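> Turn this into a model:
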Amino acid sequence: MEFEEIYALYSPQIFRVCMGYINDHEQAKDLTQETFISVWQNLSSFKGQSKISTWIFRIATNNCLRAIEKSKRVMKTELPYNLPSPEEDAPEERLAFLYNCIARLDETDRIIISLVLEDLPQAEIATIVGLSNVNTRVKIHRIKEKLAAKFKQHGQFD
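Prediction:
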């Protein structure tokens, strides 16, 4: 598979995973770009021991973890999270609320739920995050419960 095909196929997913992890549009774009720079630089050395998507998601995960670790070392003032204005439609508001809830999860939970939202199989998610299939399945269930409780608590479910 050529790099252009790989980029076209996986860049939207990688962006959404980074967005779920970082919850900052510009930083997620930068992390997506960094991920595909690494893919481009290392594509010739990819051995095919896993699916290419697993390899790419692992690179993105590592980039996100490094960015979070780096941001913890830098003192900064947090701006309040801006929810969409009331005139925006409900799906956009719910999506923004979902990303806000995901951003408040711990690091492992953020990456797991971001990969779930990209419809990756649980076995592939387990490989990417380095957990057993059973542990991954349990974590996914608990994360979904946490997010559902947040949505119910804030009246986001009808």
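> contacts and neighbour counts: CA atoms only from here.
Noted.
> tell me which element the residue nearest the centre of the chain falls in.
The chain has residue 17 as the residue nearest its centroid, 2.4 Å off, counting by C-alpha atoms, centre = their mean. Element membership for residue 17 (DSSP states H and E) is helix 3-22.
> mind listing what's buried in that helix?
6, 10-11, 13-22 (16 or more other C-alpha atoms under 10 Å).
> Would you mind identifying the next helix or strand past the worst-scoring helix or strand of the chain on mean pLDDT?
Lowest by mean pLDDT, DSSP states H and E among the helices and strands of the chain is helix 90-103, with a mean of 77. Once the chain leaves helix 90-103, the next helix or strand it forms, by DSSP H and E, is helix 107-117.
> list the helices and strands that next one packs on?
With contacts taken as 3 or more C-alpha pairs under 8 Å, 6 or more residues apart in numbering; DSSP states H and E, helix 107-117 sits against helix 3-22, helix 90-103, helix 122-129, helix 133-153.
> Out of the ones you listed, flag the one nearest residue 53.
helix 3-22 (7.5 Å; C-alpha to C-alpha).
> The following helix or strand past the closest one - what's its average pLDDT?
Tracing the chain C-terminally past helix 3-22 and defining elements by DSSP H and E, one meets helix 25-42 next. Throughout helix 25-42, pLDDT has a mean value of 93.
> One more: stretch 145-158?
Stretch 145-158 comes out at a mean pLDDT of 77.
> If you count neighbours, what's buried in that stretch?
Under the neighbour-count criterion of 16+ other C-alpha under 10 Å, stretch 145-158 has 147, 148, 150, 151 buried.
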